[in-house]
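# show me how the following folds:
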Amino acid sequence: MAGNKTAKLTVEDLLSFPALQLRVLAGEAGLARSVSWAHVSELEDPTPWLLGAEVIMTTGLAVPRSAAGQRAYLERLDDAGVSALAISAQLHVPPLHDAFTAAAEERGMPLLEVPLAVPFIAVAQEVAAAVQEDARQRLGAQLQVFGALRWLASEDLDTAQLFRRLERLSGYQVHLCTPQGRPLLPGVPVPPDPAVLPASVDAAPTIPGGFAVPVLTPGGTAGFLVAFEREGARPAGLAVVQHIATVAALQVAMVRHERETLRREGAEILAELLQDVLDPAVARRRLHRLSIAGEAALLVVRGVVDEVLLPVLDEYPHLLLSRGEDRYVLGPPELGEAVAALPGVAAGMSRPFPPGESLRVAQRESLWAASRAEGSGRPLVRYGSDTTGRWLPDDPAVLGALVEHVLGEVLRYDAAHDAALLLSTRTWMDRDRRTEAAAAALHIHPNTLTYRLRRFSALSGRDLSATAAFTEVWLAIRAADQLGLTGDGGAR
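You can find the predicted model right below:
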């Protein structure tokens, strides 16, 4: 926590006070650390009650006797942001091990000795007197930061402008992120190193070089605010950082409200587009107003809950509509890759199309692709990426004749017996004829799948071990998908 000597009190400044007669035992590299307070503590672990930048003074009662204990004690204090450890000469100080002073040297943590003739209160008084000017500056910064909401209302600042002004007043470089490290508010950067994020909202706020505090909203912890001291600035302290976190929480609530309003409006527009009741020109205007002006694609997303899906969608302009277990998403084509990265997802994406175009074709394409994604275990299938379909004719009558010729008996058997011979065979083909993987996807025993494959072969009259028969069955299944005869290719 390097400091600017002209702006704040440092450990080195304390050494220059003749009345204190302090001596450096180890950790001289950390003499530039800033000091905000000096306090006596005989606790082996005082860190839950520290804010950072304190000089901790002890008569030695707090110092463990073992080498490992002494090293751990010093490391705890340093991790909590303590500026220096001051130990009274003689009194109750146990023998100091080499591991103790070595840790101070490694971490640049000043280890000071206070002469027996100098009372701890003298050190505390010198620190208090020296930081009075800094305290007045902090109070002024607090009063100005408390006016942040007034600026927001009266000057119409956007989020980025608001937080840049808060940075100038507070003396901190401000970062915001979700608990997973993703951006929390537009225009405010995430921390450069996610390792600084606390493990929980109850963790101590002090981190090396600043503070990390939770951003609490009615729905829970929205994320964390990380504030690093700016070089040459005069940081205003934890109280100001906590108030900035409150401003961030209010901003998050406002952004969420705006997003929910847009999401409801977008769902209504997408429903009208899917019903094909909007004039193309009207559709283009509405999509443009919602920032969907370029080429778009329609996705059908399955297998993922809204709590996981929405944060990803919010990073792109999009429309979202829920229909049963399906989530219809209209947005830029690159949204497909972001959705595909979600765990457990099965998504199908249509071919890209100009905004305002009818979604009838895109809906069939995305539904078919989503069913292919489910059947193959892939997170994302783009319609048209599977070249098998190019070998099929476009004429529905021809497709129907192929399905009847190859799969007719199987389809009738499945319908009469509520069986799943066709689904089982298609899943087995999608898994590249790996029986164990296909059985796991179907949640059945491999022996059950083997029986179903034999039954399919008997009804269809096709030996699936023969290349010609396998190809014919595969093309017929694709034709049945396009005609919506498999139960997965049509609209739900």
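# phi, psi for the residue most central in space within the chain please.
The C-alpha lying nearest the average C-alpha coordinate of the chain belongs to residue 180 (Cα atoms, centre = their mean; 3.0 Å). The phi/psi pair for residue 180 (degrees, to the nearest 10) reads phi -90, psi 0.
# burial of residue 416, as a residue count?
The burial count assigned to residue 416 is 8, neighbours taken as other Cβ atoms under 10 Å. C-beta: built from backbone N, CA, C; applies to glycine.
# before we move on, what about residue 468?
Taking other Cβ under 10 Å as the neighbour definition, residue 468 ends up with a count of 9.
# let's have the chain start at 82 instead
That works, and once the first residue is 82, the last one we named lands at residue 549.
# helices or strands next to the strand or helix carrying it in the packing?
Residue 549 is located in helix 548-564, with elements delineated by DSSP states H and E. Under the contact definition 3 or more Cβ pairs under 8 Å, 6 or more residues apart in numbering; DSSP states H and E, helix 548-564 sits against helix 441-457, helix 477-498, helix 502-511.
# got a markdown table for those helices, with distance to residue 525 too?
Listed next are those as a markdown table, based on distance: least, Cβ to Cβ, whole Å:
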| stretch | distance to residue 525 |
| --- | --- |
| helix 441-457 | 15 |
| helix 477-498 | 15 |
| helix 502-511 | 8 |
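# in a markdown table, list those along with mean pLDDT.
Listed next are the helices and strands packed on helix 548-564 as a markdown table, based on pLDDT from 0 to 100:
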| stretch | mean pLDDT |
| --- | --- |
| helix 441-457 | 85 |
| helix 477-498 | 91 |
| helix 502-511 | 90 |
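# of the ones you listed, which is nearest residue 285?
When the helices and strands packed on helix 548-564 are ranked by distance to residue 285, counting by Cβ to Cβ, first place goes to helix 441-457 at 45.2 Å.
# next one: the closest one to chain centre, how far?
Centroid displacement of helix 441-457 relative to its chain, using Cα atoms, centre = their mean, to the nearest Å, is 28 Å.
# cool, stretch 279-290 as well?
Centre-to-centre, stretch 279-290 and its host chain are 18 Å apart (Cα atoms, centre = their mean).
# ok, stretch 550-569 next?
The chain centroid and the centroid of stretch 550-569 are separated by 40 Å under Cα atoms, centre = their mean.
# now do stretch 172-188
Remark: stretch 172-188 is offset 41 Å from the chain centroid, using Cα atoms, centre = their mean.
# what lies in contact with it?
With Cβ atoms under 8 Å, 6 or more residues apart in numbering as the test, stretch 172-188 has contacts from 106-108, 110-111, 140-142, 144-149, 151-152, 155-156, 159, 166, 168, 190-192, 197.
# go through it and flag the buried ones.
Taking 16 or more other Cβ atoms under 10 Å as the basis for neighbour counts, the residues of stretch 172-188 that come out buried are 174, 177, 178, 180, 181, 182, 184, 185, 188.
# one more: stretch 108-115?
108, 111, 112, 113, 114, 115.
# now stretch 304-321
Of the residues in stretch 304-321, those with enough neighbours to count as buried (16+ other Cβ under 10 Å) are 304-311, 314-319, 321.
# mind putting the buried residues of stretch 172-188 into CSV with secondary structure?
CSV is the format used below for the buried residues of stretch 172-188 (DSSP: H, G, I helix; E, B strand; the rest coil):
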residue, secondary structure
174, coil
177, coil
178, coil
180, helix
181, helix
182, helix
184, helix
185, helix
188, helix
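# to residue 363, which of the helices and strands packed on helix 548-564 lies closest?
Closest to residue 363 of the helices and strands packed on helix 548-564 is helix 441-457 (Cβ to Cβ; 16.8 Å).
# which secondary structure elements does the helix or strand following the closest one sit against?
Elements were assigned by DSSP H and E; along the chain past helix 441-457, the next helix or strand is strand 461-463. Counting contacts by 3+ Cβ pairs under 8 Å, 6+ apart, strand 461-463 is packed against helix 416-421, strand 427-430, helix 441-457.
# deepest-packed of the ones you listed, please.
Most buried of the helices and strands packed on strand 461-463 by mean neighbour count (mean count of other Cβ atoms under 10 Å) is strand 427-430; its value is a mean of 27.
# please enumerate the helices of the stretch 82-231 of the chain.
For the stretch 82-231 of the chain, helices defined by DSSP state H, counting those that start in this stretch occupy the ranges 92-96, 148-160, 179-188, 201-211, 213-226, 229-235.
# ok, now which ones touch the residue of the chain positioned farthest from its centre?
The outermost residue of the chain, judged by C-alpha distance from the chain's mean C-alpha position using Cα atoms, centre = their mean, is residue 198 at 54.6 Å. Under the criterion of Cβ under 8 Å, 6+ apart, the contact list for residue 198 reads residue 102.
# gap between it and residue 377?
Taken as Cβ to Cβ, to the nearest Å, the spacing of residue 198 relative to residue 377 amounts to 79 Å.
# can you check residue 541 too?
The span separating residue 541 from residue 377 equals 40 Å under the rule Cβ to Cβ.
# wait, isn't residue 326 in contact with residue 295?
Yes: using Cβ atoms under 8 Å, residue 326 and residue 295 qualify as a contacting pair, with a distance of 7.0 Å.
# quick check: neighbours shared by these two?
Contact with both residue 326 and residue 295 is made by residues residue 306, according to Cβ under 8 Å, 6+ apart.
# where does pLDDT dip in the stretch 232-381 of the chain?
Counting by pLDDT under 70, the stretch 232-381 of the chain has low-confidence residues at 232-237.
# ok, which stretches of it are helices?
For the stretch 232-381 of the chain, helices defined by DSSP H, counting those that start in this stretch occupy the ranges 240-251, 319-356, 361-370.
# need those helices in a markdown table (columns: distance to residue 488).
What follows is those, written out as a markdown table (distance: least, Cβ to Cβ, whole Å):
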| stretch | distance to residue 488 |
| --- | --- |
| helix 240-251 | 57 |
| helix 319-356 | 30 |
| helix 361-370 | 38 |
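# select, out of the ones you listed, the one closest to residue 427.
Taking Cβ to Cβ as the criterion, helix 319-356 is the member of the helices of the stretch 232-381 of the chain that comes nearest to residue 427, at 19.9 Å.
# what is the orientation angle of the closest one with helix 240-251?
Inter-element angle recorded for helix 319-356 and helix 240-251: 180 degrees (by axes from the mean of the first three to the mean of the last three Cα atoms, to 10 degrees).
# using TSV, lay out the helices and strands packed on strand 461-463 together with distance to residue 136.
Shown next, in TSV, are the helices and strands packed on strand 461-463 (distance: least, Cβ to Cβ, whole Å):
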stretch	distance to residue 136
helix 416-421	49
strand 427-430	57
helix 441-457	61
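# can you pull the domain assignment for this protein?
Listed by automatic domain parsing, the domain ranges of the chain are 92-211, 215-337, 357-466, 471-564.
# re the thing from before, could you flag which of the contacts of stretch 172-188 are buried?
Buried members of the contacts of stretch 172-188, scored by 16+ other Cβ under 10 Å, are 106-108, 111, 140, 144-145, 148, 151-152, 155, 159, 166, 168, 190-192.
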